[in-house]
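K.L.:
sequence-free structure coming up:
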């Protein structure tokens with residue numbers, strides 16, 4: 001006895017295999033340079049470096065979480081979970097988005113403390129470590145860009161973590177140069193605040209989008225009104241009701257609706273025409289359609 005989907009799941013699974021390999025490589029790079037930044041940040045006494053290392057830690061956590069979610073999502077559907085574990089990817093994206101927001105708030109707090117009392121910072125070491133961190137982030141970002149960062153929310157949330165960390169490395173380099181040239185120690189917390197703000201924006205976007213999926217909101221690229229109108233153009237369709245479109249996980253949308261058909265028309269031909277139109281025009285492959293006639297409405301109260 002089978003559960004769940006078929007061909008669209010196979011395509012999704014193939015895409016996820018590639019994404020998992022990319023995430024594994026990016027995770028290794030991130031963890032390696034995170035350790036280097038933590039040590040360098042403590043020695044140099046730089047908030048920009050420490051905050052960047054902290055964000056790198058969240059990157060490592062994000063990448064690991066995304067990887068775990070993808071492995072869970074690959075599990076087959078069952079009688080208890082007919083959609084399998086696909087939603088774990090969206091949950092991972094949600095956690096990653098919230099983590100980005102928390103990291104930015106911690107950076108804001110520490111930056112505020114350092115603005116009140118700017119500490120001495122070893123700018124030379126700060127620049128060297130930040131440059132190494134930037135190279136690591138560029139490598140991780142380049143690897144992740146080979147995956148489906150547009151269509152897969154989970155992978156995109158991990159990618160945004162790495163981008164945010166890249167900005168942190170750039171900020172640390174700029175702060176280090178300003179301190180080295182002008183002894184302007186205030187640059188360290190100020191640039192940290194700017195990076196924190198950018199991280200917060202990324203976190204908000206990912207969290208907002210993942211919540212939209214979790215509450216089964218309509219996918220942003222699908223216009224339900226237009227879909228409804230197009231269904232009405234199919235020969236033999238008299239009415240549409242209970243139309244629902246939602247996302248199971250990134251790149252896997254579902255649709256269900258009731259279609260009132262003319263009793264004199266061939267129901268199977270109408271069904272095939274509707275499914276074909278939905279797949280071709282809106283890219284939705286998992287389609288559940290219930291065909292009925294006006295006679296059903298008169299019979300329902302007595303059932």
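P.N.:
Perfect, thanks for sending it. This is a predicted model, so every value here is computed, not measured.

K.L.:
Okay, and residue 240 sits in which element?
P.N.:
strand 237-249 (DSSP states H and E).

K.L.:
per the record, what domains does the protein have?
P.N.:
As given by the TED database, the domain ranges for the chain are 12-215, 224-299.

K.L.:
Quick one: mean pLDDT for stretch 60-79?
P.N.:
The average pLDDT for stretch 60-79 rounds to 75.

K.L.:
Now that stretch: buried residues?
P.N.:
For stretch 60-79, a neighbour-count test (16 or more other C-beta atoms under 10 Å) marks 60-67, 69-70, 72-74, 77 as buried. C-beta here means a position set from N, CA and C on the backbone, and glycine is covered the same way.

K.L.:
Residue 294 and residue 288, how far apart?
P.N.:
21 Å (C-beta to C-beta, to the nearest Å).

K.L.:
same deal with residue 176?
P.N.:
58 Å.

K.L.:
Equivalent analysis for residue 267, please.
P.N.:
Residue 267 is 15 Å from residue 288, by C-beta to C-beta.

K.L.:
between those two, who's got more neighbours?
P.N.:
Taking neighbours as other C-beta atoms under 10 Å, residue 267 and residue 288 compare with residue 267 leading, 15 against 10.

K.L.:
neighbours of the nearest residue in space to residue 32 that is not next to it in sequence, just the number please.
P.N.:
Distances taken as C-beta to C-beta, 6 or more residues apart in numbering put residue 136 closest to residue 32, at 7.2 Å, once the chain neighbours are dropped. Neighbourhood size, residue 136 [other C-beta under 10 Å]: 25.

K.L.:
ditto for residue 280
P.N.:
9.

K.L.:
Tell me the helices and strands packed up against the helix or strand containing it.
P.N.:
Residue 280 belongs to helix 267-282 when assigned by DSSP H and E. Secondary-structure packing of helix 267-282 (3 or more C-beta pairs under 8 Å, 6 or more residues apart in numbering; DSSP states H and E): helix 224-232, strand 252-261, strand 286-292.

K.L.:
And the contacts of it?
P.N.:
With C-beta atoms under 8 Å, 6 or more residues apart in numbering as the contact definition, helix 267-282 has outside contacts at 222, 227, 230-231, 234-237, 255, 259, 261, 284-285, 287, 289, 291.

K.L.:
Filter these down to the buried ones.
P.N.:
222, 227, 230-231, 234, 236-237, 255, 259, 261, 284-285, 287, 289, 291.

K.L.:
Closest to residue 109 out of these?
P.N.:
Distance to residue 109, by C-beta to C-beta, is smallest for residue 222 among the buried ones among the contacts of helix 267-282, at 40.8 Å.

K.L.:
Just give the nearest non-adjacent residue to residue 71, would you?
P.N.:
Closest to residue 71 by C-beta to C-beta, 6+ apart is residue 20, at 7.1 Å.

K.L.:
neighbours of that neighbour, just the number please.
P.N.:
With other C-beta under 10 Å as criterion, residue 20 counts 17.

K.L.:
likewise residue 276?
P.N.:
Based on other C-beta under 10 Å, the number of other residues close to residue 276 is 12.

K.L.:
Could you do residue 122 as well?
P.N.:
18.

K.L.:
what comes up buried for stretch 102-111?
P.N.:
103-104, 107-108, 110-111.
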